[in-house]
Each structure stands twice: as C-alpha cells, then as structure tokens.
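Novice: here is a sequence together with a model predicted from it:
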Amino acid sequence: MEISPSFKTQNSRVQLLYPCCFIDSKRKSVFNGEANSISWNNFSQIKCRKLALSSSSYNESGSITHPSPQTTPLSMDLELISDESQFDRVVAEAQQLDQPVVVLWMASWCRKCIYLKPKLEKLASDYYPRIRFYSVDVNSIPHKLVVRAGVTKMPTIQLWRDGKKQAEVVGGHKAYLVVNEVREMIDNETSSI
C-alpha cells in the first residue's frame, strides 16, 4: 500500500500527488493528476518551500501552466547555525556578496522564541533573496559565540552587515510587534544598499 502525503482543510483531508505539493489561496491542490501537467525540473531550485502562485499560473482546467519567475515563497526555513566556524563563514560570505544577514538567537525552551520563529520565516520570504535569515540555538553552540555576539536576552534578532552587527531587536513581547520592529530594523539598515 502506497501512502501519499496530504494536507488538511477545514472540511476534509486531501491526498497530494507529489511530495512537495504547492497549494493556492483556496487550499486546493494545484496538481490535477495529469502525469505530464508539470515537470519536476521546474521545481528543482524550490527545495520544498511553500509557494504563492499567481492566478495566471493556472490554465482553465486548474492545473499549473508554467511557474513564473515572480513566484515567491510564502515561508522559508531559517537555516540553523550550529557552531562558531559556521557563523563566521555565514558572516564572511554575506560580506563578500555585500548582503546583510539576519540572525535569530533563540533557545529550544524559550516559548517566545518558539512563537516568533514561524513569523520570522514568513518575514524571510519577503526579503528573499536579498537577505538571508538564520537561527542559532544558544544551548547548542559555545557560550563564547553568544558573548561575542553580545546576546544577553532571548529572543534576540540581529542584522549583520560588512562583518559587523549593525542593529538588533530584543524580543519578549508579542511576536507581531517584534516582527514589525525587525522589519523596521531591516528597512532602516538596508536603505543604503
């Protein structure tokens, strides 16, 4: 028996035909079961991100025509930084590409951090690909890196550019307020880019 992935709607469970299925705003499967309606090669760079497809991406029968370059992710996973050398590499690569980096400093036991992370994943899609977003679990890295970054409270969201911390937002209040502050921080610090 083959088990296929599914997603839940308010009224029923819908079977998906592909492991990475993308859904439209009406929560309908965009694949209609026709084997040749879409090529997997079109999605090779997506890496299982949820996408917002424009209505022009569909033909009259409801299947995807050809994904347009304007297709943007709804949410992006924050890449986990697991050690000091990886953090240094991320900051150096960003400096070399002249791109800012946003880092969420969090802990797995921090409830505010857990609530904030999915909201930052949505925010990351708004700035994709200009700005990369990362997360650091302070319990799984050397304390020396936490001190070096100047993190004293969690969640802390920092913007790094040119190899240096440019700005930060310390969370602790409602997640939507923190996201608004992070958006402001990014807009203020990247207006010169």
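Specialist: Structure received.

Novice: run a quick neighbour tally on Ile114.
Specialist: 14 (other C-beta atoms under 10 Å). (Each C-beta comes from the backbone N, C-alpha and C, glycine too.)

Novice: any idea how far it is from Ser135?
Specialist: Ile114 sits 11 Å away from Ser135 when distances are taken as C-beta to C-beta, to the nearest Å.

Novice: and for these two, which residues touch both?
Specialist: Shared contacts of Ile114 and Ser135, defined by C-beta atoms under 8 Å, 6 or more residues apart in numbering, comprise Met106.

Novice: can I get the CA coordinates of stretch 78-91 in CSV?
Specialist: This file holds the C-alpha atoms of stretch 78-91, laid out as CSV (Å, rounded to 0.1, in the frame of the first residue of the first chain):
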residue,chain,number,x,y,z
LEU,A,78,15.7,29.6,8.9
GLU,A,79,19.0,27.9,8.4
LEU,A,80,20.4,26.6,11.6
ILE,A,81,23.9,27.8,12.6
SER,A,82,25.4,25.0,14.8
ASP,A,83,29.0,26.2,15.6
GLU,A,84,31.3,29.2,15.6
SER,A,85,33.1,28.4,12.4
GLN,A,86,29.8,28.2,10.5
PHE,A,87,28.7,31.5,12.0
ASP,A,88,32.0,33.1,10.8
ARG,A,89,31.6,31.5,7.4
VAL,A,90,28.0,32.9,7.0
VAL,A,91,29.0,36.4,8.0
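
Novice: let me see the mean pLDDT of it.
Specialist: Per-residue pLDDT values over stretch 78-91 give a mean of 96.

Novice: can you check stretch 151-163 too?
Specialist: Taken as a whole, stretch 151-163 carries a mean pLDDT of 96.

Novice: repeat that for stretch 131-143.
Specialist: In this model, stretch 131-143 has an average pLDDT of 96.

Novice: straight-line length of that stretch, end to end?
Specialist: 26 Å (C-alpha to C-alpha, to the nearest Å).

Novice: burial count for Leu159?
Specialist: The burial metric for Leu159, expressed as a neighbour count using other C-beta under 10 Å, is 21.
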